[in-house]
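K.L.:
predicted structure and sequence below. I'll ask about it afterward.
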Amino acid sequence: MRTKKRTVAMLLAGGQGSRLGVLTKKVAKPAIPFGGKYRIIDFPLSNCVNSGIDTVGVLTQYMPLDLNAYIGNGQPWDLDRNDGGVSVLPPYSRGANDEWYKGTANAIYQNMHFIERYDPEYVVILSGDHIYKMDYNAMIEYHEEKGASATIAALNVTLEEASRFGILNTNEDNKVYEFEEKPKHPKSTKASMGVYVFTWAKLKKYLEEDEADPTSSNDFGKNIIPNMLNAGEPLYTYEFAGYWKDVGTLQSLWEANMELLLEDSPVKLNDNTWKIYARNPNEPPVYNGPESEIKNSMVCEGSVINGKVEHSVIFYGVHIGEGAVIKDSVILPNSVIGDGAIVEYSIIGQETKVGKGARIGAAEEVAKAFCEPGKMTGYMAVLADEIKIGDGVIVKPGEMLDQDRV
Amino acid sequence: MKSTMGLLFAYQNDEQMKALTQKRALSSIPFGGRYRIVDFALSNLVNSGITKVGIITRDSYQSLMDHLGSGKEWDLSRKNGGMYLLPPFSQGGSGYVGTGVYRGKMEALLNAANFIRKSDAENVILTSADCIFNMDFRDVVDFHEEKEADITVIYHKAALEQKDNGETGTIYTVGEDGRILDVAINPSPALVKGEVNLGISQIVIGRGLLETLIAECASHNMYSLHRDVLQRRVNDLKIYGYEYDGYCAKIDSVASYFDANMDLLNEDIRKALFYTDRQIFTKIRDESPAIYRDGSNVKNSLVADGCIIEGTVENSVIFRGVRVRKGAVIRNSIVMQDCEIQAGSQLEYAIIDKDVVIRENRKLFGYKMYPMVLAKGSVV
C-alpha cells in the first residue's frame, strides 16, 4: 500500500525563460547554473526538503534533457525515498490525445493521477524561477489555521514594481477579494510569488472545471485563482518578508549572483538550519596559481585561477589563464578564459572557450558612455554555452553571441 | 577481466602519524582539501569496475565508518555486491584475532575468510588505503591472467627511505619476464643504492589460492603476507611484478603526509590524480563555493568549498569551511575542515587538524622536515 502524504509539491519547471536569451538555448530556465555550483531549481527543491515535504513532482517540457539528468533520482536533495521522493513528469501521450502542457493549470491537471496516488490534504504549487528560502510548512499551517481553500505567498513590492506582478488586493485579515494580473494602476503592493498552497479537494474541482472550459487559457493566475474568488472560496495571502529574486532576465540573474558576494548577503547558502543542496560536481579544490589575485569573489571547486578575479562568480571547472582579468562577471561551469583575456561585466556560458588576449564586454560605466545597449543584455556582454571566441577577438558590451567568433 | 573483488586494508601505518591518528585510522585522515586518504584506494577499485569491496578495519574506525556511510558516494551501495565493512570480531577460542590486534595481514584476512569464501569472484585485489594514486587495476588483472600468475604484486621505482621506526619497505628483484626472483623486507639503506622496485602494497591473487594461504598460515601460526607468503613462497608460487609508473605517494609518516599534500600544488600531479576519466570520489558536504573577500591574497594554494578567505595564504592546502580572518598569514601549511584562523595570526609548516581555533595574533612555526601537528579541536 502506498503511504498517504499530507502534502505533495508540484514544481512547474517547463518554462523556457526566453528573456534569458542564449543561456536557455539548450537548457530550461530552472536548470540555469547559479551561485558557483547551484542551479535555480535547487532552491525550491531544497525548500521542499527543509520544509518536510518529501513528495515532489517536477513538470518539465522545454529542453528537459539537462534538467532530467540533473534531478536524477533526487539523491542530492535527499529525495530518493522509498515512498514519494522526486518524480519528473513530462507531457505524455494518451492514445489519440497527445498534448503538450497548455498552461500551468493544465500541467497540473494532466498529472492529477500522480497527486491522487498519495491522497494528499494539500498541494503546493511552485515554480523553478526564483532564488529564495522559504518554509512552505509554515505556510501550510497558516493555510490550515485560516481554513483557506487556497493561500498565495505574497511579497511586498514598491508601487512602481507592482505593475510587473500579479497583485493581490486583500482585507485587513489578508483575505483576498481581488486578483489583478499586472495592473496599470495597482491598488496594493502585495505581489504574488507564484507559490500556492491549495486544499487538494478544492483544487481538483477547479482544475476539472477549468479543463472543461474551452475558452480558458488553463493558467493559475488568469483562470484558477479568479474562478475560485468568483465562486466565493476563501483565499488568503501569506506574507513573505525574506529575500526573493526573480531571475527571469539576464540583468536580474547577474544581480542575484552578485548579491551572494555581499558581506551580509541576504542568501545564506551555508546556513546549516536551511541548507541549499545541489548535485555535487566532485572536483578537487580550487587551485590558486602563483600570480593569481582574487578579491570579493566566489570561486567553486574544480577551478584553476592563474589570473586576476574581482567581484565575480566563478563556477566549477573554470580555467582562468595567466594575466587574464575577470571583473564584474559570471563565468558558468567548465569554461576556459585564455591567457591575457579581459572579461568585464559579462556572463560567459558553460564550456565556452575564450581565446588568449580576447576582450569580452567592458566596465558598466564605460559601456554606458560608448556603447548601445543590447535588447536583452543591456550593457552586458553574454556568450552562449559551448562556443569559441578566438585569440584577440573583441565582443562588445551589449552583444549576445550564440556562435563561434574566431 | 575475470570477475574480481576488492579487499581494502584500512589501518596501515596508524602508529606513525602522531596526533593525526589519535582518534582515527590513517585511512580516514583528511587529505588534499576535501578527500580522505582512503578515497584513492576505494575509487581506484570502483573505477576498475569492481563492485564488491570488503573494508578490513582494526581499531579507531568510527571516523572511517562515518566517512564511508553506505558507500553510495563510491556507487557501492548496491543490491549485488557493494561495500562491506569487516571490523574485528571475536572468534571464540582463537584468541588475538578477535581483539583486532592483528600481527599481520594474513591474520586480518582470517577474519574476512567467510566473506571471501562466499564470493564467486575469480580474483581478489588486496589494496592498502595508505597510498595516494590513481590507477586502473584492470591492466594489472589482465597482466596477472596473461602471465597465468598465482600472485601479482605492484611496485614502483623509488629510492629507498628509512622511516622513523626503521622500516624501509618491501623490495622486489624482478626478472626479465616480470617474475619476482627475490623479496627483501626492510633492507638497510646502506646495502641498497639508487632506485629500487618498491612494493606499494597492492596485490592481485586468485581467490581460491588466497583462501588456501589464509588457512595454511592460520594453522602454522604465520601471519605476515610479505614474510610468510611472498618471501617464503617466492620459488614455489608464480609471483609476478607489475610496474606502476604513475604518481604514487605512500603515507607512512607525518612528513610523507605533508609532502603528498604539497605535491598537489604541482599541476602535473594534480592532473594525474584528478583530471582523468577516473574520478576520485569522496563524501559530499554541500558547502557553497569559497568566498574571497577584499583582503584576500592567495598564491599557489588549494582552497576547498565553504571557505571564507580574508587573509594571506601561500603554498598551502585549505580544507572545506575554513575561515581565514583579516591579516592572518598561512604559509606552507595544511588547515583541515572548519578551522578558524583569527586576525593577525601566523602559521608556517603547520598541520592543523579539524575544528581548531587559532586565536588572534598567535604565531605557530614548524619546520619543513618536522611540521607542527595540532590535534583536532585544539584552541590556541
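P.N.:
Sure, I can see it.

K.L.:
distance-wise, check whatever residue of the stretch 301-406 of chain A ends up closest to chain B relative to B:Ser288.
P.N.:
Distances between the stretch 301-406 of chain A and chain B by C-beta to the nearest C-beta are smallest at A:Glu301, namely 5.1 Å. No exception for glycine: its C-beta is placed from N, CA and C like everyone else's. Taking C-beta to C-beta, to the nearest Å as the measure, A:Glu301 falls 11 Å from B:Ser288.

K.L.:
quick one on the thing from earlier: how about the residue of the stretch 301-406 of chain A closest to chain B, what does it touch?
P.N.:
A:Lys37, A:Pro281, A:Glu283, A:Pro284, A:Pro285, A:Val286, A:Tyr316, B:Arg34, B:Pro289, B:Ala290, B:Ala304, B:Asp305 (C-beta atoms under 8 Å, 6 or more residues apart in numbering or on different chains).

K.L.:
quick one: contacts for residue 345?
P.N.:
Picked chain A for this. A:Lys327, A:Asp328, A:Ser329, A:Gly361, A:Ala362, A:Ala363, A:Glu364, A:Ala367, A:Tyr379, A:Met380, A:Ala381, A:Pro397.

K.L.:
my bad, the chain I had in mind was chain B
P.N.:
Here B:Ser345 is in contact with B:Ala328, B:Val329, B:Ile358, B:Arg359, B:Glu360, B:Asn361, B:Arg362, B:Lys363, B:Leu364 (C-beta under 8 Å, 6+ apart).

K.L.:
give me the pLDDT for it.
P.N.:
B:Ser345 carries a pLDDT score of 97 in this model.

K.L.:
that one and chain A, how far apart?
P.N.:
To chain A, B:Ser345 is 20 Å away according to C-beta to the nearest C-beta, to the nearest Å.

K.L.:
residues near B:Asp355, how many?
P.N.:
Neighbour count for B:Asp355, taken as other C-beta atoms under 10 Å in any protein chain shown: 16.

K.L.:
ok and the residue in the stretch 1-150 of chain B nearest chain A?
P.N.:
Going by C-beta to the nearest C-beta, chain A is nearest to B:Gly33 of the stretch 1-150 of chain B, at 3.5 Å.

K.L.:
what kind of secondary structure is that residue in?
P.N.:
The three-state label given to B:Gly33 by DSSP: H, G, I helix; E, B strand; the rest coil is coil.

K.L.:
hang on, it packs against B:Ser316?
P.N.:
No. Here B:Gly33 does not reach B:Ser316: they are 9.8 Å apart, not a contact under C-beta atoms under 8 Å.

K.L.:
list residues touching both of A:Glu301 and B:Ser288?
P.N.:
In contact with both A:Glu301 and B:Ser288: A:Lys37, B:Asp305, using C-beta under 8 Å, 6+ apart.

K.L.:
which parts of chain B sit against chain A?
P.N.:
Residues of chain B lying close to chain A (C-beta under 8 Å from any C-beta of the partner chain) are B:32-34, B:72, B:264-265, B:267, B:270, B:273-274, B:279-282, B:284, B:286-294, B:296-306, B:313, B:317-319, B:321.

K.L.:
in PyMOL, select just the buried ones from the residues you listed.
P.N.:
Under the burial definition 16 or more other C-beta atoms under 10 Å in any protein chain shown, those of the residues of chain B next to chain A that qualify are selected in PyMOL by:
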select buried, chain B and resi 32+33+34+72+264+265+270+273+274+279+280+281+282+284+286+287+288+289+290+291+292+293+296+297+298+299+300+301+302+303+304+305+306+313+317+318+319+321
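
K.L.:
out of the residues of chain B next to chain A, list just those in strands.
P.N.:
B:Ala290, B:Ile291, B:Tyr292, B:Asn297, B:Val298, B:Lys299, B:Ser301, B:Leu302, B:Val303, B:Val313, B:Val317, B:Ile318 (DSSP state E).

K.L.:
for these, which one is nearest A:Trp254?
P.N.:
A:Trp254 has its nearest neighbour among these in B:Ile291, at 17.6 Å by C-beta to C-beta.

K.L.:
quick check, that closest one in contact with A:Lys295.
P.N.:
No. Judged on C-beta under 8 Å, B:Ile291 makes no contact with A:Lys295 at a distance of 10.8 Å.

K.L.:
what about A:Ala191, which SS state?
P.N.:
strand.

K.L.:
same check on A:Lys368?
P.N.:
Note that with three-state DSSP, the state of A:Lys368 is helix.

K.L.:
please name the nearest non-neighbouring residue to it.
P.N.:
Computed as C-beta to C-beta, 6 or more residues apart in numbering or on different chains, the closest residue to A:Lys368 that is not its neighbour in sequence is A:Tyr379, at 5.6 Å.
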